[in-house]
Each structure stands twice: as structure tokens, then as C-alpha cells.
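# Give me coordinates for this.
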Amino acid sequence: MPSSAVPSAGGPERTGAPSPAAWPLTVVTVMLGACLLVLDGYVALINAAPLFGERPERDALIESGMGLVTAAAPIGALCALAWRAGSRWGLLFLVIPTGLLVAGGMQRLLSPGGPGDPDRDRTVRPGDVVGELTLLNWGVTALAMTVLLLAWLAARRRRHTQASAGTEPPLQA
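Numbering: from 1, shown residues only. Presented below is the predicted three-dimensional model:
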């Protein structure tokens with residue numbers, strides 16, 4: 001019986017259920033993702049804080065907004081990695097706060113700058129996606145996607161080896 005197969009009371013096996021070993025990975029994923037979300041939120045808050053009654057400049061609002069919006073990329077990659085390992089409902093502890101952070105980032109991206117700002121109505125440029133506050137997000141995304149690719153390749157190699165040892169033809173992926 002496969003590790004993810006769960007016998008049901010009155011019928012065939014039901015696959016796709018989380019394995020018992022998935023919860024530690026879920027906890028680690030949620031903790032790492034929560035740390036990243038808190039760090040992104042704190043940095044964005046400090047970067048565009050209205051100090052002494054002044055409104056922040058449009059550039060600071062865009063940079064902060066992009067930092068919050070791009071937090072969805074590493075969280076999505078971490079969730080994909082945990083989903084592949086069998087995590088399911090625990091990932092909502094990351095998805096819901098990420099949605100709130102993205103909404104806050106969009107609000108900052110759409111806010112005009114202060115009245116004395118010469119670029120008060122500046123639009124968001126493609127280069128803003130790789131600003132200073134987004135580099136950590138892109139680094140974590142690249143790392144998580146690399147681990148996800150390696151896990152996929154290892155599973156594919158394992159399936160191919162098992163199929164070669166048995167009488168089944170190898171699976172095409």
C-alpha cells in the first residue's frame with residue numbers, strides 16, 4: 001500500500017490524504033513563511049512610515065508595496081513544496097496572511113505620494129519588481145523552487161527505478 005493511500009471502511013483505497021510525516025514539514029514551512037511575512041511587513045512599514053505628520057514619498061510607497069506584493073512568490077513556492085510533501089490544511093496559516101499582505105501592498109502601490117512630492121503620481125515601473133525590498137523574496141523563491149525541482153527529480157528517479165525493477169514500463173513525465 002502506498003504511503004499516501006488510506007484504506008476506507010467500505011471500499012478501495014483513497015489516495016491523496018496527508019501522510020503522518022507531513023505535519024513537521026507543515027510546521028517548518030509555516031514558521032519560515034511567517035518569519036518572512038513578519039520581516040517583509042516590518043520593513044515595508046518602516047520604509048514608508050509617515051513620520052512627524054509627513055506623508056511618505058511615492059517612491060517609498062512603491063518600494064514598500066512591491067516588497068509586500070512580492071512576498072506572495074516565496075510563500076507560494078514554500079506552499080508548493082509543503083503540498084508536494086503532503087501538507088494541506090495547515091498551509092492556510094500562510095495563505096490567509098499572505099493575502100492580507102498582498103492587499104496591503106496593492107493599497108500602497110495605488111496611494112499617491114505626499115503633497116510636496118514631485119513624483120506624486122508616478123506609475124509603477126517594471127524595474128520596481130526587483131527593488132531593494134524585494135531581493136530577499138526573490139532569493140527565497142529561487143531557493144524554494146530549486147528544492148522543489150530537486151524533490152521532483154528525486155521522485156521521478158525513484159518511480160523510474162521502481163518501474164524498472166518490476167514488470168511495469170517506466171512512467172513518462
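# Report pLDDT for the residue nearest to residue 108 when sequence neighbours are not counted.
If the residues on either side of it in the chain are set aside, residue 108 comes closest to residue 65, at 3.4 Å by Cβ to Cβ, 6 or more residues apart in numbering. C-beta here means a position set from N, CA and C on the backbone, and glycine is covered the same way. Residue-level confidence at residue 65 comes out at 95, pLDDT.
# just the one 4 residues further on next, same as before
At residue 69, the pLDDT value in this model is 96.
# do the same with the one 4 residues further on
Note for residue 73: predicted pLDDT of 96.
# Which helix or strand contains the residue nearest to it when sequence neighbours are not counted?
Once its chain neighbours are removed from consideration, residue 73 has its nearest residue in residue 141; the separation is 4.5 Å (Cβ to Cβ, 6+ apart). Following DSSP states H and E, the helix or strand that holds residue 141 is helix 135-165.
# ok, now residue 38?
Per DSSP H and E: helix 22-47 holds residue 38.
# now that helix, how far from the centre of its chain.
On the basis of Cα atoms, centre = their mean, to the nearest Å, helix 22-47 sits 9 Å off its chain's mean C-alpha point.
# So which elements touch that helix?
Of the remaining helices and strands, those touching helix 22-47 by 3 or more Cβ pairs under 8 Å, 6 or more residues apart in numbering; DSSP states H and E are helix 58-69, helix 72-85, helix 92-110, helix 135-165.
# surely residue 23 meets residue 91?
No. Shown here, residue 23 and residue 91 do not form a contact pair, counting by Cβ atoms under 8 Å, at 11.6 Å.
# If you tally nearby residues, what's the number for residue 130?
Residue 130 has 12 neighbouring residues, counting by other Cβ atoms under 10 Å.
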